[in-house]
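Student: Can you look at this prediction? I've put the sequence above it.
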Amino acid sequence: MAAIQLYNTLSRQLEALRPPTGEPLGMYTCGLTVYDYGHIGNFRTFIAVDVLQRFLLSEGYQLNAVLNLTDIDDKIIERARTAGHGVGEHAAIYARAFEQDMELLGLRQPEHLVRATAHIEAMVAWCDRLIATGHAYISQGSVYFRVASFPAYGALSGKDAESLLVGARVESGLEQKEDARDFVLWKAHKPGEPSWPSPWGPGRPGWHIECSVMAMHYLGASFDLHAGGADLVFPHHENEIAQAEAVTGERFVRHWFHVEFLLVESEKMSKSLGNYYTVRDLIARGVKPSALRYLLASVPPRRSLNFTHEGLEQSAAAVERLTGFRDRLRRNGENQPPAGADRAVEWVRTARENFRAALADNLNTAAALGAVFEMVRAGNAALDAGEMTAQAARAALDFLAYFDGIFGVLGDEDEARLAAYALGTGLELSAPALDMAAIEARLAERAAARARRDYSRSDELRRELEQLGVVVEDVKGGEQKWRVKK
RNA sequence: GGCGCGGUAGCCAAGUGGUAAGGCAGAGGUCUGCAAAACCUUUAUUCGUGAGUUCGAUUCUCACCCGCGCCUCCA
């Protein structure tokens, strides 16, 4: 297969990712600032990164992935104060919540899940180097990056020095900066705020320095791939580049991967509009993790995603089509006569090729799903025609397993994850537990009724079962198949 | 104003210089005791608008309209 192409924000074009070698691919992702629960926009990014990473692994790459949590910042301090928490305590609460959301959505554990406060010394040391090399200066106990000392500033976001100055002047001039574009690396201590010692006095790190320092700490001065939300391009990632490259002189990141914004009902998500959703908001409404994951993964990362409740329902229906097909394969696949086997295996191979090619083309998840569904239709048709051989069924099941290893949407673990999530978060799930005893009893009675062709009783029992939350389907051979009602 | 992304059927959405993947929803049919599921057929003579290049454009160029993001700490 051709090399994996990804859009690189820095060059503004598709670029081939280096091929897999024995050397792991170094990848850094800007994670959450833990002042509150992560919202679905955050998780859109993390799911896109997750799909990318799982795809890379399936293509033979080794990964060294770093995901950071920002656990010291203005907003955390402010929210902690409002909530009556200590700052560390507040951050810990939401860091834990993030990890719960991560597990619920099946996000891959990165090789390093790192926190800013665990790397303060390294940040101080880096500030020191920036000062020593003339790229930063001390002003009233704070340290600022001297943008004028880094001519390449603005390359990532396509901004020129002049427009940056115009933008910056709008801001208040209270800070003691040489130049309006300069940004803070280290904030001097203020009463009532956490602080760490430094050569310039107590204080805390600025936002941008943490990512440069932690990325280089785990991945080296120059690494392969850096991901994050599109809104981080400027200033955050621009500043990361400046902080790193000003000292090292090396190209900080080869490939910048940005995930577009998420809208809700075509509007920017905001608390004031009442369209702001955290993961737990949706789970509490009975949304399945697999459906949420499907929706967030189904739109390619470079396109903005319009999140709607209708979209969630459509996603849930699409997931059911996939799992329904898999169930059919498992039920029927083994008992069919093996005849003309090779033709049926052919469409699985085609689907796999198209699927891989789509993902390799800038992670085109929509096209990749198209390939999967084309196989589903072909497979269902073969099953209907009684032409599904054991070999073809196995090939299709293998492909579905491979597919789900990347997309993670078939929902096999929904129930277990929801249970663990409810336990961990104390969240009450709206989905009522099934009364299995009552269901089993009615299924048995219905089977008996059907055996004696008492269809009115059978239909009555089907209605009762629906009340109990399950849909019954009569499969050929008189067998009853049931599933949880949507 | 600057930089960037996007406007494809009721909804979500792929895509190509040669005539529109896929999913959801809808309609008809097959199957079924009835259903469900599945399958088949059907639902955009048309891809924001206008002009241009071309034998031919949704795909290239230009202009315009609309939506969205960023422009100093928001994923």
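Tutor: Received it, and whenever you're ready, just let me know what you need. No experiment lies behind these values; they were computed from the predicted model shown.
Student: residues near the residue in the stretch 351-486 of chain A that RNA strand B sits nearest to, how many?
Tutor: Closest approach between the stretch 351-486 of chain A and RNA strand B, counting by C-beta to the nearest atom of the strand: A:G370, at 2.5 Å. Where you see a C-beta, it was placed from the backbone N, CA and C, and this is true even at glycine. Residues contacting A:G370 under the criterion other C-beta atoms under 10 Å number 15.
Student: Surely it forms part of a helix?
Tutor: Yes - under DSSP: H, G, I helix; E, B strand; the rest coil, A:G370 falls within a helix.
Student: what number of residues lie near the residue of the stretch 151-300 of chain A at minimum distance from RNA strand B?
Tutor: Closest to RNA strand B within the stretch 151-300 of chain A is A:G229: 1.5 Å, counting by C-beta to the nearest atom of the strand. When neighbours are counted by other C-beta under 10 Å, A:G229 registers 21.
Student: who touches it in this structure?
Tutor: Neighbouring residues of A:G229 by C-beta atoms under 8 Å, 6 or more residues apart in numbering: A:C30, A:G41, A:N42, A:T45, A:H258, A:V259, A:F261.
Student: Kindly list the main-chain dihedrals of it?
Tutor: Backbone torsions of A:G229, given as degrees, to the nearest 10, read phi -70, psi 150.
Student: Tell me, what's the model's pLDDT at the residue of the stretch 351-486 of chain A closest to RNA strand B?
Tutor: In this prediction, A:G370 carries a pLDDT score of 96.
Student: How about A:S430?
Tutor: Confidence score, pLDDT, at A:S430: 64.
Student: can you check the one 3 residues further on too?
Tutor: The per-residue pLDDT reported for A:A433 equals 70.
Student: so it, which of the three states?
Tutor: coil.
Student: Next one: it relative to A:V472, how far apart?
Tutor: 19 Å (C-beta to C-beta, to the nearest Å).
Student: Which one of the two is surrounded by more residues?
Tutor: Under the neighbour definition other C-beta under 10 Å, A:A433 and A:V472 were set side by side, and A:V472 has more, 20 against 7.
Student: excluding its backbone neighbours, what's nearest the more buried one?
Tutor: Spatially, and ignoring its direct neighbours in sequence, A:V472 is nearest to A:W482 (4.8 Å; C-beta to C-beta, 6 or more residues apart in numbering).
Student: Just to be sure, the one you found is in a strand?
Tutor: Yes - A:W482 forms part of a strand when assessed by three-state DSSP.
Student: how much space between it and A:L383?
Tutor: 20 Å.
Student: Show me the shaky parts of chain A.
Tutor: Along chain A, segments meeting pLDDT under 70 span A:1, A:161-175, A:333-344, A:430-432, A:486.
Student: show me the residues around A:N8 that make contact.
Tutor: Contacts of A:N8 (C-beta under 8 Å, 6+ apart): A:L14, A:E15, A:R254, A:H255, A:W256, A:F257.
Student: any idea which of the residues you listed has the most stuff around it?
Tutor: A:F257 (24 neighbours).
Student: tally of neighbours for A:P197?
Tutor: A:P197 is flanked by 12 other residues according to other C-beta under 10 Å.
Student: Repeat that for A:R394.
Tutor: 15.
Student: go on, A:A366?
Tutor: Around A:A366 there are 13 other residues, counting by other C-beta under 10 Å.
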